[in-house]
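Participant: This is the structure alone, sequence omitted:
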């Protein structure tokens, strides 16, 4: 099996950052300098290649991660074709609503370039993406961008990286001038200054370090060298003996330290002004791992549940992970796949070990943002998109059938904001179902459900912007017009005391009549820990229990299921505001029947009437969903955040510190959490984040319940 370049010269990297730090601008420069594009597309002009969706160009933000492939020969080896490296690059979104795109990209990448704004330094979303990279143990480089901006400070940005993210950051460069005096960069390993001139910074001019920066460069270099030699005993001894260490040795030890996450090199420049990007690419080649450098993938053999491993090798059995689905109007669904071992060939069959079924690979395309290049094979260590997989979804494993392996699934955060959506016309109804299904296949944080009480379609996502863009995509890509409203909370009802009631359904008309008569007792359902110990006459389901205490055949056995059915139907519509009744135990203990007129229908109606009357007597109450909420805010906003949660009927349960952030844990009613994402961001200058998950249903305070009941009864 031949490949056109060795695996050791492949780099799978992601460009990650806070929104507006300049990720896409860095990506565009990378494409230009590597020869993928012959014109630089600017984000602010809506021309960026990597931001290919209409909404991305209009809003000037990245919404979906875009993948591309480029080739790079390091600047110090220009002209040496043997030094050409293949870079598979993914440009990820920075906005918190699209955190799933970052999550899935980091899962399949070997290295990351984290971009920082030279004025702001570390920002909230930088911390989020850094934590995601820590979770997947992704080695990374930092690039302090925008050093040409007013108020830019490399030292301040570097200190925020040390203080908020990692103590292991080391300077590889310092800027030659900042603000409007930014000219180039000074490399601390080679002790040379570099200017970027000619067309779009194409020409790299090497110079001696200017006199006024020499002392600072020497002091920073000493600090950098010390941190590097700490990772190798021999180098440490050489350094302590006062001998000069060769550049090759320094690079070799630094590379090992970066791959094992012991050091994080920091580069600098200004992507918009075409300064420093080529040297950052050199850093990617020199220090970030190839697929060969990362530990073998560990999975489970689904046949015997034993651990299985796969090395990055074309001759190993196939193991690949589908990390993203995308609908393409021209070729259908694309399954973005990272191949860890083995080879996938167009036209062949692969085994989906997640589903336990075979899938046919139609075509394989290498993506350049939204442009496609068809290839016949994709080898170990590569990322490509597969066309033709029918049932494969995000996070599924593709492997060889004779050597199955199940790789770890990607964990996605739970959606936190919901909206009601309905088609505008009858024609839109069918199209909307199809569109929503396709969008939820693409995006695992986008969930669709039908509210059983209101029969409305509820869509849930990571934030209001997330849902706004998905609704817009539905209109543009699937031509579906929809009305979007506020979501409705699925309240429930229950009873708080015991009561008895009689249900009689007697109808006499010419000929055969209808006769059904029962007596029941209701009480609040107490859930036993051991369901196996319940008596035979007790039928228990979630939130409902039916006890058949009929003796001596006062109601014939064949009518009992009809009574139960009628009781269940009666519980589906509560007595206060028409919401479903839950946690009710119902004991059928007496009744009577008529030899001729009794029927299943009559007893069903009697059951329905009896349960409604019994529940009215048993002190019914409304229940609402309570969410477990975790709010993360900087220290100075803690008072505002706790006060605001308390005003939303929230119960603060505790606080803790996470780095220099405060974490507030609370229980808050779901009805109070709509729009909270926007409120929290505006309250904390965009630096606060929160997560929430369902905790329990609890009784609603009387004053709130009265409002809900009144509004429903209108």
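Facilitator: Received, thanks. If you're wondering where the values come from, they're calculated on a predicted model, not measured in any experiment.
Participant: give me the beta-bridge partners of the closest residue to residue 661 other than its chain neighbours?
Facilitator: Using Cβ to Cβ, 6 or more residues apart in numbering and skipping the chain neighbours, the partner closest in space to residue 661 is residue 632 (5.3 Å). Any C-beta I mention is one placed from the backbone N, CA and C, and that applies to glycine too. Residue 632 has the following beta-bridge partners by DSSP bridges: residue 663, residue 689.
Participant: residues in contact with residue 632?
Facilitator: Applying Cβ atoms under 8 Å, 6 or more residues apart in numbering, we find residue 632 in contact with 658, 661, 662, 663, 664, 688, 689, 690.
Participant: hmm, try it at 7 Å
Facilitator: When the contact criterion is Cβ atoms under 7 Å, 6 or more residues apart in numbering, the partners of residue 632 are 658, 661, 663, 688, 689, 690.
Participant: wait, residue 115 sits on residue 143?
Facilitator: Yes - under the criterion of Cβ atoms under 7 Å, residue 115 lies in contact with residue 143, with a separation of 5.1 Å.
Participant: Find residues that contact each of those two.
Facilitator: Joint contacts of residue 115 and residue 143 (Cβ under 7 Å, 6+ apart) are residue 26.
Participant: re the thing from before, which one of the contacts of residue 632 is nearest to residue 398?
Facilitator: Of all the contacts of residue 632, residue 398 sits closest to residue 689, with 33.9 Å by Cβ to Cβ.
Participant: picking up where we left off before, most surrounded residue in the contacts of residue 632?
Facilitator: Neighbour counts for those were taken using other Cβ atoms under 10 Å; the highest belongs to residue 688, which has 25 neighbours.
Participant: Tell me how far that residue lies from residue 471.
Facilitator: In this view, residue 688 and residue 471 are 25 Å apart by Cβ to Cβ, to the nearest Å.
Participant: cool, and residue 86?
Facilitator: Separation of residue 86 from residue 471 (Cβ to Cβ) stands at 38 Å.
Participant: try residue 112
Facilitator: 31 Å.
Participant: so where does residue 434 fall, helix or strand?
Facilitator: With elements taken from DSSP states H and E, the one containing residue 434 is helix 426-442.
Participant: Give me the contacts around that helix.
Facilitator: Around helix 426-442, the neighbours that count as contacts under Cβ under 7 Å, 6+ apart are 325-327, 393, 423, 446-448, 459, 470, 473-474, 478, 480-482.
Participant: again, 8 Å this time
Facilitator: Contacts made with helix 426-442 from outside it, assessed by Cβ under 8 Å, 6+ apart, are listed as 324-327, 333, 393-394, 421, 423, 446-448, 457, 459, 470, 473-474, 477-482.
Participant: now do stretch 183-196
Facilitator: So stretch 183-196 is in contact with 171-177, 202-210, 213, 217, 220-221, 224, 247, 250-251, 267-269, 274-276, 278-279, going by Cβ under 8 Å, 6+ apart.
Participant: Which members of those residues occur in strands, if any?
Facilitator: With strands identified by DSSP state E, the entries of the contacts of stretch 183-196 that belong to them are 171, 173, 174, 175, 176, 203, 204, 205, 206, 207, 267, 268.
Participant: which one of the residues you listed sits closest to residue 82?
Facilitator: Comparing every one of the ones in strands among the contacts of stretch 183-196 with residue 82 (Cβ to Cβ), the shortest separation belongs to residue 204, at 20.7 Å.
Participant: What degree of burial does that closest one show, as a neighbour count?
Facilitator: Here the count is done by other Cβ under 10 Å, and residue 204 has 17 residues near it.
Participant: Compare the ones in strands among the contacts of stretch 183-196 and tell me which is most surrounded.
Facilitator: In terms of neighbour count, residue 268 stands highest of the ones in strands among the contacts of stretch 183-196 at 30 neighbours, by other Cβ under 10 Å.
Participant: ok, and the residue nearest to that one when sequence neighbours are not counted, which helix or strand is that part of?
Facilitator: In space, not counting the residues next to it along the chain, residue 268 is nearest to residue 144; the distance is 4.4 Å by Cβ to Cβ, 6+ apart. Residue 144 is part of strand 140-145, with elements assigned from DSSP H and E.
Participant: In the chain, what helix or strand scores lowest on average pLDDT?
Facilitator: helix 54-59 (a mean of 50; mean pLDDT, DSSP states H and E).
Participant: which is the next helix or strand following that helix?
Facilitator: strand 66-72.
Participant: which other helices and strands contact that next one?
Facilitator: With contacts defined as 3 or more Cβ pairs under 8 Å, 6 or more residues apart in numbering; DSSP states H and E, strand 66-72 has these neighbours: helix 23-33, strand 85-91, helix 277-287, strand 363-368.
Participant: Can you check what angle separates the first one from strand 140-145?
Facilitator: When you say that, I think you mean helix 23-33. Between the axes of helix 23-33 and strand 140-145, defined by axes from the mean of the first three to the mean of the last three Cα atoms, to 10 degrees, the angle is 100 degrees.
Participant: Over to the shortest one?
Facilitator: Angle of strand 363-368 versus strand 140-145, following the same axes, to 10 degrees, is 40 degrees.
Participant: what are the pairing partners of strand 363-368, and which direction each?
Facilitator: strand 371-375 (antiparallel), strand 383-387 (antiparallel).
Participant: Residue 290 is nearest to which of the ones you listed?
Facilitator: When the strands paired with strand 363-368 are ranked by proximity to residue 290, the top entry is strand 383-387, at 13.4 Å, counting by Cβ to Cβ.
Participant: Just give me how far that closest one sits from the chain centre.
Facilitator: Centroid separation for strand 383-387 versus its chain: 21 Å, with Cα atoms, centre = their mean, to the nearest Å.
Participant: Any chance you could list what contacts it?
Facilitator: Under Cβ under 8 Å, 6+ apart, the answer for strand 383-387 is 12, 67, 88, 90, 108, 322, 326, 331-339, 344, 361-367, 372, 375, 378.
Participant: and if we set it to 6 Å?
Facilitator: Applying Cβ atoms under 6 Å, 6 or more residues apart in numbering, the contact partners of strand 383-387 are 88, 331, 334-338, 361-367, 378.
Participant: which helices and strands does the helix or strand following that strand pack with?
Facilitator: Sequence order places strand 397-399 as the next helix or strand after strand 383-387, per DSSP H and E. For strand 397-399, the helices and strands in contact under the criterion 3 or more Cβ pairs under 6 Å, 6 or more residues apart in numbering; DSSP states H and E are strand 319-328, strand 349-352.
Participant: Is residue 149 in a helix, a strand, or coil?
Facilitator: Reduced to three states with DSSP: H, G, I helix; E, B strand; the rest coil, the structure at residue 149 is coil.
Participant: quick one: the closest residue to it other than its chain neighbours from residue 172, how far?
Facilitator: By the measure of Cβ to Cβ, 6+ apart, the closest residue to residue 149 outside its immediate chain neighbours is residue 119, 5.3 Å from it. Computed as Cβ to Cβ, the residue 119 to residue 172 distance reads 21 Å.
Participant: who's more crowded, those two?
Facilitator: When residue 119 is set against residue 172 and neighbours are counted by other Cβ under 10 Å, the residue ahead is residue 172, at 23 against 18.
Participant: Name the SS class of the residue nearest to that one when sequence neighbours are not counted, please.
Facilitator: Nearest non-adjacent residue to residue 172, counting by Cβ to Cβ, 6+ apart: residue 265, 4.6 Å away. Using three-state DSSP as the criterion, the local structure at residue 265 reads strand.
Participant: Show the pLDDT at residue 265.
Facilitator: Confidence at residue 265, expressed as pLDDT, is 97.
Participant: Look up which residues are beta-bridged to it.
Facilitator: Beta-bridge pairing for residue 265 (DSSP bridges): residue 170.
Participant: now do residue 492
Facilitator: Under the criterion used (DSSP bridges), residue 492 bridges to residue 623.
Participant: how close does it get to residue 625?
Facilitator: Taken as Cβ to Cβ, the spacing of residue 492 relative to residue 625 amounts to 8 Å.
Participant: Report the set of residues contacting both of these two.
Facilitator: residue 697.
Participant: Isn't residue 154 up against residue 268?
Facilitator: Yes - here residue 154 reaches residue 268: they are 5.3 Å apart, a contact under Cβ atoms under 6 Å.
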